[in-house]
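S.K.: whatever this is, show me its structure:
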Amino acid sequence: MNYFVTAIDTDSGKTLVSAILTEMLKADYWKPVQSGEPRDTETVQSLVANDQSNFYKEAYLLKTPASPHASAAIDGVHIDLDQIVPPVSNRDLVVEGAGGVLVPLNDDDVVADIIPRVAAEVVLVSNLYLGSINHTLLTCEYLKAKGYPVKGIIFNGKSNPESERIILLKSGYRQLLKIEREEEITKEVVKKYAEQLRKCWD
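M.R.: Residues are numbered from 1 along each chain as shown. This is a model prediction of the structure:
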């Protein structure tokens, strides 16, 4: 099975969630489009403890930390969806998006357009801040309108029970995991959340 990790914002915690998923499933990992350094592939690899996961090369590795369409323009590159082909893997594959679902790849395509091309189920990361209810529910509405399958929502950051409750109620999606604020993200932290996630995954 392929899982596409997306979020409501640029710094919502997609890379951490991708590491947790990769660790829990002993899955392979792939970030199709990377803008700037540090490479999220290297970050996830440094946080995964199992020795079975493979980490695949990006389809597009862009130099500037910006929206992919802008970063590609600076590099003189055109991002072509037909060039974003998932690696052949004999295990689950975690695919990490860039930014949120409507981040542009070029003048025509957005990050969410990768989802059907990799035949993935979506894991949505929602970090909790003032305005996150609206941002989360708008993302959910977009995913529903497109008919993309959603595994569930992972909340990240300082707990806000009322925000979490209303997001789950309005979206109809289930909560997969709650990630608290951590002083440092380590392999041990990733393994802790992987164990928590495993209990409610099926």
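S.K.: quick one: end-to-end distance for stretch 94-111.
M.R.: End-to-end distance of stretch 94-111: 15 Å, with Cα to Cα, to the nearest Å as the criterion.
S.K.: what's next to stretch 78-85, contact-wise?
M.R.: Outside stretch 78-85, the residues within contact range by Cβ atoms under 8 Å, 6 or more residues apart in numbering are 32-33, 59-60, 68-69, 72, 105-106, 109, 113-114, 117-118. From N, CA and C alone the C-beta is placed, and that goes for glycine too.
S.K.: switch to 10 Å and redo it
M.R.: 30, 32-33, 58-60, 62, 68-69, 71-73, 95, 104-109, 113-114, 117-118 (Cβ atoms under 10 Å, 6 or more residues apart in numbering).
S.K.: ok, and for it, which residues are buried?
M.R.: Within stretch 78-85, the residues that count as buried by 16 or more other Cβ atoms under 10 Å are 79, 84.
S.K.: which residues of this protein fall in helices?
M.R.: Applying DSSP state H to the chain gives helices spanning 14-25, 40-47, 68-75, 114-117, 132-146, 161-171, 187-199.
S.K.: contacting residues around residue 49?
M.R.: Taking Cβ under 10 Å, 6+ apart, we find residue 49 in contact with 19, 23, 186-188, 190-191, 194.
S.K.: returning to that earlier point: in PyMOL, how would I select the buried members of the contacts of stretch 78-85?
M.R.: Command for PyMOL that selects the buried part of the contacts of stretch 78-85, burial taken from 16+ other Cβ under 10 Å:
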select buried, resi 30+32+33+58+59+60+62+68+69+71+72+73+95+104+105+106+109+113+114+118
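S.K.: can you pick the most crowded of the contacts of residue 49?
M.R.: Neighbour tally across the contacts of residue 49 (other Cβ atoms under 10 Å): the maximum, 31 neighbours, falls on residue 19.
S.K.: I figured that residue was touching residue 46, is that so?
M.R.: Yes: shown here, residue 19 and residue 46 form a contact pair, counting by Cβ atoms under 10 Å, at 8.5 Å.
S.K.: who touches both of those two?
M.R.: Shared contacts of residue 19 and residue 46 (Cβ under 10 Å, 6+ apart): 185, 187, 190.
S.K.: JSON lines for those, including pLDDT and distance to residue 148?
M.R.: Written out in JSON lines, the entries for the shared contacts of residue 19 and residue 46 read as follows (pLDDT from 0 to 100; distance: Cβ to Cβ, whole Å):
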{"residue": "185", "pLDDT": "95", "distance to residue 148": "28"}
{"residue": "187", "pLDDT": "97", "distance to residue 148": "31"}
{"residue": "190", "pLDDT": "97", "distance to residue 148": "26"}
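S.K.: report the separation between the residue of the chain positioned farthest from its centre and residue 197.
M.R.: Largest separation from the mean C-alpha position in the chain: residue 76, at 26.1 Å (Cα atoms, centre = their mean). Applying Cβ to Cβ, to the nearest Å, the value for residue 76 to residue 197 is 40 Å.
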